[in-house]
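Asks: need a structure here:
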Amino acid sequence: MVGRRPRAVKVNVPKAGPARAVSPTFRREDAACRPGDPPPPAPTLPLLPCSRRGAGFQRRFQARKPARNESLSMTQLYANPYDMDAKGFYFESAEEYGEKARTLRNAWGNPVEELEIEFIEGEAIDAQLFAVLRLQPAQIEAFFTAVETWDENTKTRVIIAVGEVGYPFNIDIDDPEGFDVDLYNLDTYADLAQHFLDEGLFGPIPENLQNYIDCEAIGRDLRVDYGSIEVAGTHYFYRCD
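Replies: Purely as a prediction, here's the structure:
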């Protein structure tokens, strides 16, 4: 028995057109990230509420972006108003401070009189000197003079006498050379003990006994009379009378 031939089914097939490149499928939120497009900008985070001091700190560092080819001087200070409606200013000399302070006004046009002075830029030893002096605005000129004219040894002695020992000091009228401070640039108390032995501080020691001297033990005793500090990356032992 011969089977029945199946009926032909007519299928409409579209004519082939020119080939097209197929792009990957992206979600709606990825529409701006197709190949070749620049990445979307990073979201801007809102600033959190902050205190008056924090707000002043934020203002300073927003303003601290230097222009291209701008160079900063060796020492730079910042006058931070206690008035929340006023903006502070940077200055690099007593003259610049005077000019800006005289014309400083708050958002309501009133003069700003109370300012806190802060150290911003400069040598490490000058930053430590500034910290122990607790400057008032009226002492700014004297501070810039000290930065320029005092040598490192004088600055170190004032830092120790005022900041570590607690002696009073008025930078306007007091003599920075008036402090009796002994300085020793050594690493350990044992080194200090050995230095005193070499200098004969403990009197003559017979040569056959020198190898029995315990500098570690002597160094522990020296802690009673000698302090230790690091100033601008340099370690010192000191005694201040």
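Asks: pull the CA atoms of stretch 222-239 into PDB?
Replies: Backbone C-alpha positions of stretch 222-239 (Å, rounded to 0.1, in the frame of the first residue of the first chain) are rendered in PDB as follows:
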ATOM      1  CA  LEU A 222      68.900  59.200  85.200                       C
ATOM      2  CA  ARG A 223      65.200  59.200  84.400                       C
ATOM      3  CA  VAL A 224      64.600  61.000  87.600                       C
ATOM      4  CA  ASP A 225      66.400  64.100  86.500                       C
ATOM      5  CA  TYR A 226      66.300  63.900  82.700                       C
ATOM      6  CA  GLY A 227      63.300  64.000  80.500                       C
ATOM      7  CA  SER A 228      62.900  62.800  76.900                       C
ATOM      8  CA  ILE A 229      61.400  64.600  73.900                       C
ATOM      9  CA  GLU A 230      61.300  64.500  70.100                       C
ATOM     10  CA  VAL A 231      61.500  67.900  68.400                       C
ATOM     11  CA  ALA A 232      61.000  68.100  64.700                       C
ATOM     12  CA  GLY A 233      62.100  64.400  64.300                       C
ATOM     13  CA  THR A 234      65.200  64.800  66.500                       C
ATOM     14  CA  HIS A 235      65.300  63.000  69.900                       C
ATOM     15  CA  TYR A 236      66.700  64.800  72.900                       C
ATOM     16  CA  PHE A 237      67.300  64.100  76.600                       C
ATOM     17  CA  TYR A 238      67.000  67.300  78.600                       C
ATOM     18  CA  ARG A 239      67.300  68.800  82.100                       C
END
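Asks: buried residues, it. List them.
Replies: Counting neighbours by 16 or more other CB atoms under 10 Å, one finds that the buried residues in stretch 222-239 are 222, 226, 229, 231, 236-238. C-betas here are computed from N, CA, C, even on glycine.
Asks: pick the one among these closest to D187.
Replies: F237 (9.4 Å; CB to CB).
Asks: would you say that closest one is within a strand?
Replies: Yes - assessed with DSSP: H, G, I helix; E, B strand; the rest coil, F237 lies in a strand.
Asks: ok, back up a step: and the furthest pair within the buried residues of stretch 222-239?
Replies: L222 and V231 (19.3 Å).
Asks: show me where the chain has helices.
Replies: Counting by DSSP state H, the chain has helices at residues 52-63, 94-103, 124-133, 140-149, 152-158, 189-198, 215-222.
Asks: what would the ones you listed look like in JSON lines with distance to E114 and mean pLDDT?
Replies: Converted to JSON lines, those look like this (distance: least, CB to CB, whole Å; pLDDT from 0 to 100):
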{"stretch": "helix 52-63", "distance to E114": "12", "mean pLDDT": "37"}
{"stretch": "helix 94-103", "distance to E114": "11", "mean pLDDT": "96"}
{"stretch": "helix 124-133", "distance to E114": "19", "mean pLDDT": "97"}
{"stretch": "helix 140-149", "distance to E114": "15", "mean pLDDT": "97"}
{"stretch": "helix 152-158", "distance to E114": "27", "mean pLDDT": "97"}
{"stretch": "helix 189-198", "distance to E114": "46", "mean pLDDT": "94"}
{"stretch": "helix 215-222", "distance to E114": "46", "mean pLDDT": "95"}
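Asks: could I get those helices as TSV with distance to E118?
Replies: Formatted as TSV, the helices of the chain follow (distance: least, CB to CB, whole Å):
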stretch	distance to E118
helix 52-63	8
helix 94-103	12
helix 124-133	9
helix 140-149	12
helix 152-158	19
helix 189-198	36
helix 215-222	37
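Asks: out of those, flag the one nearest N110.
Replies: Nearest of those (CB to CB): helix 94-103, 12.5 Å.
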